[in-house]
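# how would this look folded up:
(chains A and B)
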Amino acid sequence: MNALLQIEGLEKNFGAVAALRGVDLAVEPGEIFVLLGDSGSGKTTLLRCIGGFEQPDAGRVFLDSEDLAGVPAHRRPVNTMFQSYALFPHMRVAENIGFGLRQAGLPRSEISARVAELLSLVRLPEYGARWPHQLSGGQSQRVALARALACRPKLLLLDEPLAALDRGLRVETRAELLSLQRTLGLTFLLVTHDQEEAISMATRIGVMRDGRLEQVGAPAEVYERPANRFIAEFLGAANILPAIVRERGAQGTLLRLQNSDTRVRVTAPGPLGKPVLLALRPERIFLGETGPNVLEGTLTGTEYRGDALELSVRLAEGTILRVRHPLADGIGGALPVVGERVKVSFRPDAGIVLRD
Amino acid sequence: MRALVLLLPTIWLLAFVLVPLGIVLVIAFATSTAEIPPFALGFSGENFRQLIADDFYFFAFLRSLQLAGVSSVFCLLIGYPMALAIARSPVRWRGALLTLVILPFWIGFLLRIIAWIGLLKDDGWINSFLGALGVPGAPFRLLYTGFAMYLGVAYCYLPFMFLPIYARLEKRDLALEEAAADLGASPWRVFRAVTLPLSLPGVWAGFLLVFIPALGEFVIPELLGGPGAETLGRVLWTEFFTNHDWPMASALAIFLLAVLLLPAALWQWWQGRRA
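Numbers count the residues shown, from 1 in each chain, chains lettered A, B, ... in the order given. Okay, the predicted model is just below:
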C-alpha cells in the first residue's frame, strides 16, 4: 500500500439519498487525479470526506498509510481549494495566504517571507495589501491557490478550480496549474464536471456516476476504451448503434447492426451471439468510402466548422449518426447538400464494443 | 409618481418628528411659570446652565449610562450565544426556535414587568423556592435593586440584540469556516478568526438598538429599580409630571438626544469612510 491516498469502500448517505456507494480509489504521489462526473454524482462528497468536512458512513480513508477516521479537518495534512475560493473578506490578500501558517504557529518573519514567495509564485507580487473584493476572478483564483499551497499539503484537493473563470482564462489557468504542479511536485485530486478539463489535465481520470467510480484510467485509456455507454457518451461524443456479434476471430469481431443488414468489422472483442452496443466517435467517421466499414444514409444536416464538417446522417433503420469529417486537406469540391444520399466509413480500430 | 411616493413619509417626518422636536427645542429655551401652559417663551439658556451646574443631573446621566451599558453587555452575553446556536441548528428547527425567542413579545410589556415583580419580590416565587430549599439567608432582597433593573432591561431588550446578530450569522458563508478549518484552525480559532469578526456589524447594530432606548428608559427603573435609581428617564418624568417644569424636562430631552446623536453620527461617518 504505497499510494499517497487510499480509499476503501467509502459510503455516505444524506438521509435517504446515497451520495457514495462504496468507492475504492488510490492516488499516487505526484499525480493529478481528476474525478469527473455530473452534479450529484458524488464527486464533491468524496472530496469533502477526504478534507474532513463530511464523515463517511462506512469505509476508510488513508493518507500516507495513516487512517484519517476521526481526524478533524483542521488536523488533516491536506488542503482544499474551494470552488467559491472562500477568501476571507475581512483579511487582506497577504493575511489570507498566511492564515494557515499562522495557525501552524510559525514566527511572523517566516510567515511574511513565505507569503511573499507564494505571491510571486502565483504572479501577484504586488497584491499582498489588497482586499479580496478588489481582485478579479482570475486573481482571486490564484490567491486561493496560494493560500491552499502555503502549508505545503501532501495532497491538494481542488473543487472545480476553473469553473468560475471565463473560457479564455480557464485554458490559460489550466496550463499554469499544470506547470505549478510539475515544478513543485504536488499531488492534485481535482473535481470537475468538464470533460475537456479532465482529459487535458489528468494523469488519471476517475469517472463518477450515482456515487460509484465507474472507470479509472489514463485519459486516452478512458476515451479510447470506455467501460460503458455512459462513459462513452460523457467523455466526448459517441454514436451508439445496437448490434449483434456474429463472428469473432483473428481478424476481429464481425457485427451486424440491429434492424439492418449492414455488417461491420471491428478489432475490439465481443461476446459471440450476444447483443452489444457499437460506439463510434464522430471524429473517427469519414465522409466517403475510404475504409472497409461503410454505412449509408441520408444527409439531414451539415455544419461547416472551418476545421471540420459536422454532418448528421440518418441511417436506413432510423439512427442519426453524427460525423465530424476533418477538413485538413480543404473542402475538395462542393459540400454535400442536405437530402443527398451519402456513404460514410470508419476503420475497424475505431469501433468501441460495449456490453451496456 | 416618485414625488407622490415620497410625499407620505415626508409629511410623516415633518408632522411627527421635526415639528414636535422644534416645539421641544423652543420650550427648552423658555422659562418655567405657574400658569397654563407652565412656561413663558423666551430665549434663556438657564435650563442648560442648571443642567450642567447641578450635579444631580450629571449623576442621573451616569446612572443611565451605567444602566444602558451593563444591560447591553448582558444582552450581548445572552443574545450572541443564542443567535449562534440557532443559526447553527438544523434549518427545520430554526423557525420554531425563532418563534420561541419572539414569543414573550406577544404579551404586553407592562404585564411582563409586573410578572418580574411577582418573581423577584421578598415573598415572590424565587425567594419562596429558595426558602423551601432551606437556602441560608433567604429571602434575598432582589426587587428594587440595581440587579432587578439590569435584569428587566436585558430581558426586555434581548430580541433587539439577538435579531441583528442572528440575521448576520444566519447568512454567513459556511465555506469560509470550512476554509479556516481546512487551513488548520481549531473550532475555537475558526470562531475567533472568521465567524466573530464577520458578525461584528450585527453586534454593533444590536448594541445600538439596546443601548439607545435603554439610556432613556423610564418604566423599568421605575417599577424594578430602587428609589435611588434616578436615571435620566425618571428625572425627566419627575420634572415634567411632578414639578411641571416643562422647560427643564425639554432641556433634558434635548440633552439626551444630543448625547445619542453624536455617537450615531460618528458611526455613520466612520461607516461612510470605510465604504
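
# from here on, contacts and neighbour counts on C-alpha atoms
Will do.

# give the burial count for B:R234, as a bare number.
The burial count assigned to B:R234 is 20, neighbours taken as other Cα atoms under 10 Å in any protein chain shown.

# for it, give its distance to B:D245.
Distance of B:R234 to B:D245, computed by Cα to Cα, to the nearest Å: 14 Å.

# B:A253 too?
B:A253 sits 12 Å away from B:D245, taking Cα to Cα as the criterion.

# per-residue confidence at A:M201?
Per-residue pLDDT puts A:M201 at 93.

# before we move on, what about the one 4 residues further on?
With respect to pLDDT, A:I205 scores 96.

# how close does B:N243 sit to B:S32?
Distance, B:N243 to B:S32, using Cα to Cα: 10 Å.

# check contacts around the residue of the stretch 151-300 of chain A found nearest chain B.
Closest residue of the stretch 151-300 of chain A to chain B, Cα to the nearest Cα: A:C151 (7.7 Å). Applying Cα atoms under 8 Å, 6 or more residues apart in numbering or on different chains, we find A:C151 in contact with A:G100, A:L101, B:L183.

# turn these into a markdown table, including neighbour count and secondary structure.
Conversion of those to a markdown table gives the following (neighbours: other Cα atoms under 10 Å in any protein chain shown; DSSP: H, G, I helix; E, B strand; the rest coil):
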| residue | neighbour count | secondary structure |
| --- | --- | --- |
| A:G100 | 27 | helix |
| A:L101 | 24 | helix |
| B:L183 | 32 | coil |
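
# longest helix anywhere in chain B?
helix B:55-88 (DSSP state H).

# dihedrals phi and psi, A:R48?
Here the main-chain torsion angles of A:R48 (degrees, to the nearest 10) amount to phi -70, psi -30.

# pull the contacting residues for it.
A:E54.

# and it, what's its pLDDT?
At A:R48 the predicted local distance difference test score is 95.

# what of A:M1?
The per-residue pLDDT reported for A:M1 equals 52.

# avg pLDDT for stretch B:187-207?
pLDDT averaged over stretch B:187-207 equals 95, rounded to a whole number.

# check contacts around the residue of the stretch 101-250 of chain B found nearest chain A.
Using Cα to the nearest Cα, the point where the stretch 101-250 of chain B gets nearest to chain A is B:G184, with a distance of 4.0 Å. In this structure, B:G184 makes contact with A:A73, A:H74, A:R75, A:R76, A:G100, A:Q103, A:A104, judged by Cα under 8 Å, 6+ apart.

# so who does the fifth one touch?
Contacts of A:G100 were listed using Cα under 8 Å, 6+ apart, and they are A:R147, A:A150, A:C151, B:A180, B:L183, B:G184, B:A185.

# which SS class is the residue lying closest to A:R75 once chain neighbours are set aside?
Distance criterion Cα to Cα, 6 or more residues apart in numbering or on different chains; nearest residue to A:R75, sequence neighbours excluded, is B:G184 at 6.1 Å. Under DSSP: H, G, I helix; E, B strand; the rest coil, B:G184 falls in the coil class.

# neighbours around B:G42, how many?
Burial of B:G42 is recorded as 12 neighbouring residues (other Cα under 10 Å).

# ok, B:E35 next?
Using other Cα under 10 Å as the criterion, the residues surrounding B:E35 number 8.

# could you give the secondary structure assignment for it?
Here B:E35 takes the coil state, with states given by three-state DSSP.

# same thing with B:F211?
Of the three states, B:F211 takes helix under three-state DSSP.

# count of neighbours near it?
When counting by other Cα under 10 Å, one arrives at 27 neighbours for B:F211.

# might one say that it is in contact with B:Q66?
No: using Cα atoms under 8 Å, B:F211 makes no contact with B:Q66, being 10.1 Å away.

# how far away is the closest residue to A:Y304 other than its chain neighbours from chain B?
Excluding the flanking residues, the one nearest A:Y304 by Cα to Cα, 6+ apart is A:E310, at 6.4 Å. Taking Cα to the nearest Cα, to the nearest Å as the measure, A:E310 falls 43 Å from chain B.

# give me the sheet partners of the helix or strand hosting A:E310 and which way each runs.
Assigned by DSSP states H and E, A:E310 belongs to strand A:308-315. Strand A:308-315 has its sheet partners listed here by DSSP bridges as strand A:293-304 (antiparallel), strand A:320-326 (antiparallel).

# mind listing residues that contact the first one?
For strand A:293-304, the surrounding residues in contact (Cα under 8 Å, 6+ apart) are A:262-265, A:309-316, A:336-348.

# buried subset of those?
Applying a neighbour-count criterion of 16 or more other Cα atoms under 10 Å in any protein chain shown, the buried members of the contacts of strand A:293-304 are A:263-265, A:309-315, A:342-348.

# of all of chain A, which residue lies closest to chain B?
Scanning chain A for the residue nearest chain B gives A:H74, at 4.0 Å (criterion: Cα to the nearest Cα).

# could you report the pLDDT at the closest residue to that residue other than its chain neighbours?
Counting by Cα to Cα, 6+ apart, A:H74 lies nearest to B:G184, which is 4.0 Å off, once chain neighbours are set aside. pLDDT, B:G184: 96.

# please report phi then psi for B:G184.
The phi and psi torsions at B:G184 (degrees, to the nearest 10) take the values phi 100, psi 10.

# how far away is it from A:G51?
11 Å.

# shared neighbours of the two, anything?
A:A73, A:R76.

# figure out how far stretch B:257-266 is from the centre of its chain.
Average the C-alpha atoms of stretch B:257-266, do the same for its chain, and the two points are 15 Å apart (Cα atoms, centre = their mean, to the nearest Å).

# pull out the buried positions in it.
Under the neighbour-count criterion of 16+ other Cα under 10 Å, stretch B:257-266 has B:L260 buried.

# which residues of the chain score low on pLDDT?
Reading this off chain A. A:1 (pLDDT under 70).

# wrong chain, I was asking about chain B
Where chain B drops to pLDDT under 70, the residues are B:275.

# residue ranges for the strands of it, please.
Listed in chain order, the strands found in chain B under DSSP state E are B:31-32, B:39-40.

# how about the helices in the stretch 151-275 of chain B?
Per DSSP state H, counting those that start in this stretch, the stretch 151-275 of chain B carries helices over the ranges B:174-182, B:187-190, B:196-215, B:219-224, B:232-237, B:246-274.

# repeat for the stretch 1-150 of chain B
With DSSP H, counting those that start in this stretch as the criterion, the stretch 1-150 of chain B has helices at B:2-13, B:19-28, B:46-53, B:55-88, B:91-102, B:109-120, B:125-133, B:146-170.

# what's the most buried one of those helices?
Among the helices of the stretch 1-150 of chain B, judged by mean count of other Cα atoms under 10 Å in any protein chain shown, the one packed with the most neighbours on average is helix B:146-170 (a mean of 22).

# could you name the helices and strands sitting against that helix?
Helices and strands touching helix B:146-170, as assessed by 3 or more Cα pairs under 8 Å, 6 or more residues apart in numbering or on different chains; DSSP states H and E, comprise helix B:55-88, helix B:109-120, helix B:196-215, helix B:219-224.

# if we use 7 Å, what do you get?
Packing partners of helix B:146-170 (3 or more Cα pairs under 7 Å, 6 or more residues apart in numbering or on different chains; DSSP states H and E): helix B:55-88, helix B:196-215, helix B:219-224.

# alpha carbons of the second one, as CSV, please.
Pointing back at helix B:196-215 there. Output for helix B:196-215, consisting of C-alpha atoms alone and laid out as CSV, is shown next (Å, rounded to 0.1, in the frame of the first residue of the first chain):
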residue,chain,number,x,y,z
LEU,B,196,-17.0,36.6,15.1
PRO,B,197,-15.3,39.3,13.1
LEU,B,198,-17.7,38.8,10.2
SER,B,199,-20.7,39.1,12.6
LEU,B,200,-19.5,42.3,14.3
PRO,B,201,-21.7,44.6,12.2
GLY,B,202,-24.7,42.7,13.7
VAL,B,203,-23.2,43.1,17.2
TRP,B,204,-22.9,46.9,16.7
ALA,B,205,-26.4,47.2,15.3
GLY,B,206,-27.7,45.2,18.3
PHE,B,207,-25.7,47.2,20.7
LEU,B,208,-27.1,50.5,19.4
LEU,B,209,-30.6,49.1,19.3
VAL,B,210,-30.4,48.2,23.0
PHE,B,211,-28.2,51.0,24.3
ILE,B,212,-30.1,53.9,22.9
PRO,B,213,-33.6,53.1,24.2
ALA,B,214,-32.2,51.8,27.5
LEU,B,215,-30.5,55.2,28.1
